[in-house]
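> Fold the following for me, if possible:
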Amino acid sequence: IDDTVVGITAPVGFFDPLGFSKGQSDATMKYYRESELKHGRVAMAACLGWYLNAGGVHPAFNSALSNDPLKAMVELPAVGWLQFVLGCGAIEWLGQQIKERPGYVPGDLLGAAYWVDDSDEGWVSYQNKEINNGRLAMLAFAGIMYQDVFVGDYGDMMYKQLVR
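Reported below is the predicted structural model:
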């Protein structure tokens, strides 16, 4: 494993807890990196959205939905789910079109790699932060879901640290 690859950072080093990368081709590793970035970005948005909902922020519905995120998912009208599914599908389709470009870098859907040199330390630092924050968000969202589904109501525990 090349230690200069983005995502290999202290204190974890090479992060592959289930060993998926053993013996894989470069093309497969690029697919895995793309998947890791995509899932990390979705998890970061999901963590933010979960707590905004639990905090009573419903910009599209003027607080017409429950503050319990699990109940709010059920209360969302069918047209809201349709909008969500079509939006996700459009993003996936666009991503597939962008990946066909020559010189495509996994996860770089906006083409930033064309503007920034890969040797730029600031750019490498940004990429490492995005990957590490995405990894943390994936673990955090798993914990959030566990707490809400199996533990139940978290009451005011979510905001207690802010009140002190």
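
> Toward the C-terminus, what is the element adjacent to the longest helix anywhere in the chain?
Longest among the helix segments of the chain by residue count, using DSSP state H, is helix 26-54. Per DSSP states H and E, the first helix or strand lying C-terminal to helix 26-54 is helix 69-75.

> Mind giving me the packing neighbours of that following helix?
Identification of packing neighbours for helix 69-75 by 3 or more C-beta pairs under 8 Å, 6 or more residues apart in numbering; DSSP states H and E yields helix 26-54. Where you see a C-beta, it was placed from the backbone N, CA and C, and this is true even at glycine.

> how far out from the middle of the chain is the helix it packs on?
In terms of C-alpha atoms, centre = their mean, to the nearest Å, the gap separating the centre of helix 26-54 from the centre of its chain is 2 Å.

> Remind me what it packs against, helices and strands.
Using 3+ C-beta pairs under 8 Å, 6+ apart as the contact criterion, the elements in contact with helix 26-54 are helix 69-75, helix 121-146.

> The longest helix of the chain to helix 121-146, inter-axis angle?
Using axes from the mean of the first three to the mean of the last three C-alpha atoms, to 10 degrees, one finds that helix 26-54 and helix 121-146 are set 60 degrees apart in direction.

> List the buried residues of helix 26-54.
Taking 16 or more other C-beta atoms under 10 Å as the neighbour-count basis, helix 26-54 is seen to contain the buried residues 30, 33-34, 36-41, 43-44, 46-47, 50, 53-54.

> try stretch 127-136
Of all the residues in stretch 127-136, those buried under the rule 16+ other C-beta under 10 Å are 127, 130-131, 134-135.
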